[in-house]
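**Q** Here you go, sequence then predicted model.
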Amino acid sequence: MKAVVLEKPCRAVELVVQEVPTPKVKPGWVLVKIKAFGINRSEIFTRKGDSPSLKLPRIIGIECAGEIEDPSDSSFQKGQPVVSLMGGLGREFDGSYAEYALIPSAQVYPINNDMDWVKLAAIPEMYHTAYASLFDTLRLTKGETLFIRGGTSSVGLAALQLAKSVGATVITTTRNKRKIDFLKQYGSDFVLLDDERLADQFFSLFPNGVNKVLELVGTVTVKQSLKLLAEHGILCMTGILGGEWVVNNFEPMMDIPSGAYFTQFDSGVNFKEKILVELFNHIEQHKINVPIAKVFPLNQIDKAHLLMESNQANGKIVVVNSF
């Protein structure tokens with residue numbers, strides 16, 4: 001089969017497709033024929049060698065959409081549409097940058113809708129992360145105010161759509177003036193330029209703060225984002241789009257406002273299948289249009305990574321296999 005094997009940390013342009021043996025099934029695992037998969041920023045970290053659990057060589061890729069090729073000893077049927085995401089996929093065992101993947105059957109989830117493969121592949125990690133962060137962790141409800149820091153990221157765009165679908169007021173940020181209109185057209189009630197004047201812009205609109213903050217930029221902005229919370233507000237740190245993994249000079253007694261709450265969401269640790277089911281139902285019920293930035297064939301995986309690194313995607317980057 002064709003696959004992208006990471007043999008050492010590398011640049012995007014060094015990613016190439018090669019021929020490798022198709023995995024053989026074993027008890028407790030199923031073979032999935034991968035139709036398409038989304039590109040995720042965590043895979044950029046993995047490609048650079050920054051994933052702690054990564055052992056090389058490895059076929060990377062943390063999510064996929066496809067069909068059961070061999071159900072092994074599971075209850076799945078050959079040809080059944082499925083998705084898989086996170087767990088050890090693409091880090092502890094070979095992932096989705098391939099024509100086939102051998103995945104634990106407990107980490108494969110049946111899909112019962114008629115979405116095309118590109119749309120289906122764009123949903124699992126991006127929308128599951130946004131949906132679980134908003135509704136399972138932040139407990140966002142109708143009428144609340146939500147501040148999304150990192151609004152033009154794929155998860156930010158998904159969160160914007162989901163929050164608006166339940167009647168929340170949404171404030172998003174961007175570092176690019178040219179993307180302000182894009183976010184407004186996408187449904188954001190307010191768009192703030194993420195620069196040294198952000199706090200002034202914010203408090204002129206919301207002097208008492210907001211109910212909920214979805215922090216996607218990460219360690220470089222989280223201390224300031226905490227200060228934007230209203231009394232009893234909650235900040236959920238879900239992404240690290242910029243900076244390091246560790247917050248420098250973080251003092252909980254000083255940096256977390258009294259009466260505010262600071263939590264985090266990690267889809268690899270907190271995955272709940274019922275949330276995935278709720279998510280797909282929500283997307284269909286609210287007729288949410290999944291933003292696809294660009295679709296690449298597997299042999300252009302390097303170009304897909306370059307687009308992700310450029311921060312110019314404005315939606316999910318999807319890679320498809322041709323059989």
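**A** Ah, there it is.
**Q** what about stretch 171-181, start to end distance?
**A** Length of stretch 171-181, first residue to last, CA to CA, to the nearest Å: 13 Å.
**Q** again, but for stretch 305-321
**A** End-to-end distance for stretch 305-321: 16 Å, by CA to CA.
**Q** Contacts for it, please.
**A** 2, 12-13, 15, 34-39, 41, 43-44, 47, 97, 99, 117-118, 121-122, 126, 152, 154, 157, 179, 182, 290-298, 300-301, 304 (CB atoms under 8 Å, 6 or more residues apart in numbering). Where you see a C-beta, it was placed from the backbone N, CA and C, and this is true even at glycine.
**Q** Let's see that with 7 Å instead.
**A** For stretch 305-321, the external contacting residues (CB atoms under 7 Å, 6 or more residues apart in numbering) are 12, 15, 34-39, 41, 44, 47, 99, 117-118, 121-122, 126, 152, 154, 157, 182, 291-298, 301, 304.
**Q** Now do the spatially closest residue to Gly95 that is not a sequence neighbour: how many residues are near it, please.
**A** Of all residues not flanking Gly95 in the chain, Gly61 sits nearest, at 3.6 Å (CB to CB, 6 or more residues apart in numbering). By other CB atoms under 10 Å, the residues close to Gly61 number 28.
**Q** OK, contacts around the residue most central in space within the chain?
**A** The centroid of the chain falls nearest to Met126 when counting by CA atoms, centre = their mean (3.3 Å). Residues near Met126 by CB under 7 Å, 6+ apart: 38, 154-155, 158, 316.
**Q** do that again at 6 Å, thanks
**A** Listed by CB atoms under 6 Å, 6 or more residues apart in numbering, the contact set of Met126 reads 154-155, 158, 316.
**Q** Which of these has the largest number of neighbours?
**A** Ranked by neighbour count (other CB under 10 Å), the contacts of Met126 have Ser154 at the top, with 30 neighbours.
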